[in-house]
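Enquirer: Here is a sequence together with a model predicted from it:
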Amino acid sequence: MATTARKWENTALLVIDMQKDFILPNGLMVVDGGLAIVPNVIKAVEFARKRGILIIWVVREHDGQGRDVELFRRHLYKDGKPKPISKGSAGAELVDGLVIREKDYKLVKTRFSAFFATHLHSFLQGAGINSLVVTGVQTPNCIRQTVFDAVALDYQSVTVIVDATAAATPDVHFGKHP
């Protein structure tokens, strides 16, 4: 057991944006392929827990007035409209089956990359993490930007679990744009 724990001690699992507004069919920003990957994300989390891998729950939580949202999304926060992934809303909650536990870490972001304008890199460095495993949504946006930034920051290994990540369509997920 000690050997297995040492093998994984420098690895973290990032679970990105597995929130109700992104995953559920009635979500305000639903990613059509998101619901199908929930069982595989749960398996990845269970695998990580059994091996003592640090789990980082990367979530979007925006100000209800949209003051911290990208310019291209500000129209979604106008008066009279439902506010997607707003802090404290039901849509900002993780989907059923995914639970943050005491030894896990929750990181709130407001942009595509989990590294942009957050303390993720310094947190990972402090924890001795040099390898990342990535799950969640959405492949061409948050997954890709986070992976690109991790590579630029010289993480030794960055692995994307293909069947535990998703996009609006399989073609978009696999980069087969028409």
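Expert: That came through fine. Numbering: from 1, shown residues only.
Enquirer: Only C-alpha atoms from now on, for both contacts and neighbour counts.
Expert: Will do.
Enquirer: How much space separates residue 17 from residue 80?
Expert: Look at residue 17 and residue 80: by C-alpha to C-alpha, to the nearest Å, they are 25 Å apart.
Enquirer: same deal with residue 107?
Expert: From residue 107 across to residue 80, the span is 29 Å (C-alpha to C-alpha).
Enquirer: which of these two has more neighbours?
Expert: residue 107 (18 against 7; other C-alpha atoms under 10 Å).
Enquirer: Checking that one next. Helix, strand or coil?
Expert: Under DSSP: H, G, I helix; E, B strand; the rest coil, residue 107 falls in the strand class.
Enquirer: Who are the contact partners of it?
Expert: By C-alpha atoms under 8 Å, 6 or more residues apart in numbering, the contact set of residue 107 is 56-59, 114, 120.
Enquirer: Next one: it relative to residue 58, how far apart?
Expert: From residue 107 to residue 58 the distance is 5 Å (C-alpha to C-alpha).
Enquirer: Spit out the residues that contact those two alike.
Expert: When C-alpha under 8 Å, 6+ apart defines a contact, the residues bordering residue 107 and residue 58 alike are residue 114.
Enquirer: packing partners for the biggest strand by length in the chain?
Expert: Taking DSSP state E as the assignment, the strand of the chain that covers the most residues is strand 157-166. Counting contacts by 3 or more C-alpha pairs under 8 Å, 6 or more residues apart in numbering; DSSP states H and E, strand 157-166 is packed against helix 34-51, strand 131-137, helix 144-152.
Enquirer: that older thread, farthest pair in the contacts of residue 107?
Expert: Spatial extent of the contacts of residue 107 (C-alpha to C-alpha) is set by the pair 59 and 120 at 12.2 Å.
Enquirer: which of the two has more neighbours?
Expert: Neighbours per residue (other C-alpha under 10 Å) separate residue 59 from residue 120, with residue 59 holding more: 22 against 17.
Enquirer: where does the more buried one land on pLDDT?
Expert: On pLDDT, residue 59 comes in at 98.
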